[in-house]
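Colleague: next one to model:
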Amino acid sequence: MTLNQPRLNKAVIPVAGLGTRFLPATKATPKEMLPVVDKPAIQYVVEEAVSAGLLDVLMVTGRNKRPLEDHFDRNYELEDLLHRKGDTDRLARVCEPTSLADIHYVRQGDPRGLGHAVLCAASHVGNEPFAVLLGDDLIDPRDLLLARMIEVQARLGGSVVALMEVPLEKIHLYGSAAVRSTAEHGVVGVADLVEKPEPAFAPSTYAVIGRYVLDPEVFGVLAQTAPGRGGEIQLTDALRVLAQQGRVHGVVFGGRRYDTGDRADFLRTTVRLACEREDLGADFRNWLREFVDTELRTPDLVS
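Modeller: Numbers count the residues shown, from 1 in each chain. Take a look at the predicted model:
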């Protein structure tokens, strides 16, 4: 840990997005509350923060996000019903989200981009390093990405982004990083960042995925950052300024990442996690094999 740097214990989770790719399901239900097997996606993200030692969680919310607050709050009537029925297993699962962390909420108001959402956290975070976790990315709990990033930030200072190599044709979906090697395996210096570049202009195929460990200096830069791509204040643009000052490092991630922001990937994520469940996996895998075998044997009626 760098000299006089406080221990990192705060996580910021922006959840103000409208989830338009999942309409009509998200018309009245926040996309973060869509179930991945039997837990809402947002709970996986909070659990990841907690497992890395971040027990102070701020959610940056918007309109129609009340179900998020309700999920992490007590439901006395339901708890009492399950208690009286002696259903201790379901009671434990219902109570679990309420005791994960100290969870706070702030409204973003105008949807002005990820950078603006992070800036909304400034008064809560104060002058401390903090983590940002995007709800569309689920990191497998067996891959300790966030803990690794926190450790790197404590030693090297500045800000740390998570990087993952993606096919060149997909780099336009991400921020792209120009990197320089370091003496440490899996850690690179970030020299520049470009938000969602066309493949021909991407500085690399290293994509910024939804995990950040940020120095509070980012707030001052964000406050001076003009709207960029899409007319929004981009976190990538602020980090680009810091990268050009040598204040950003990247941790290269090659583990298991699940994208719940895309409908097809959401389905794949649900199938993968269901297959790995001790209580569901065996039966579900057997059914899935039979289903796939049947589909392969069935002629394509459309053709």
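Colleague: please name the residues that touch Gly281.
Modeller: Gly281 is in contact with Ala274, Cys275, counting by C-beta atoms under 8 Å, 6 or more residues apart in numbering. C-beta here means a position set from N, CA and C on the backbone, and glycine is covered the same way.
Colleague: same question, Asp143
Modeller: Contacts of Asp143 (C-beta under 8 Å, 6+ apart): Phe253, Gly255, Arg256.
Colleague: what's the burial count for the last one?
Modeller: In other words, Arg256. When counting by other C-beta atoms under 10 Å, one arrives at 13 neighbours for Arg256.
Colleague: distance-wise, check the residue nearest to it when sequence neighbours are not counted relative to Ile209.
Modeller: Nearest residue to Arg256, sequence neighbours excluded (C-beta to C-beta, 6 or more residues apart in numbering): Asp140, at 3.6 Å. To Ile209, Asp140 is 13 Å away according to C-beta to C-beta, to the nearest Å.
Colleague: any shared contact partners between the two?
Modeller: Arg257.
Colleague: who has more neighbours, these two?
Modeller: Neighbour comparison, Asp140 and Ile209: the larger count goes to Ile209, with 21 against 16 (by other C-beta under 10 Å).
Colleague: name the SS class of that one, please.
Modeller: strand (DSSP: H, G, I helix; E, B strand; the rest coil).
Colleague: list the contacts for Leu288?
Modeller: Per C-beta under 8 Å, 6+ apart, neighbours of Leu288: Val271, Cys275.
Colleague: which of the three states applies to it?
Modeller: Assignment for Leu288 (three-state DSSP): helix.
Colleague: any idea how far Gln224 is from it?
Modeller: Using C-beta to C-beta, one gets 51 Å for the distance from Leu288 to Gln224.
Colleague: over to Gly175?
Modeller: With distances taken as C-beta to C-beta, Gly175 is found 19 Å from Gln224.
Colleague: with neighbour numbers in mind, choose between those two.
Modeller: Gly175 (25 against 8).
Colleague: need the pLDDT of that one.
Modeller: Here the pLDDT value assigned to Gly175 is 89.
Colleague: list the contacts of it.
Modeller: Gly175 touches Leu193, Val194, Glu195, Lys196, Ala207, Val208, Thr236, counting by C-beta under 8 Å, 6+ apart.
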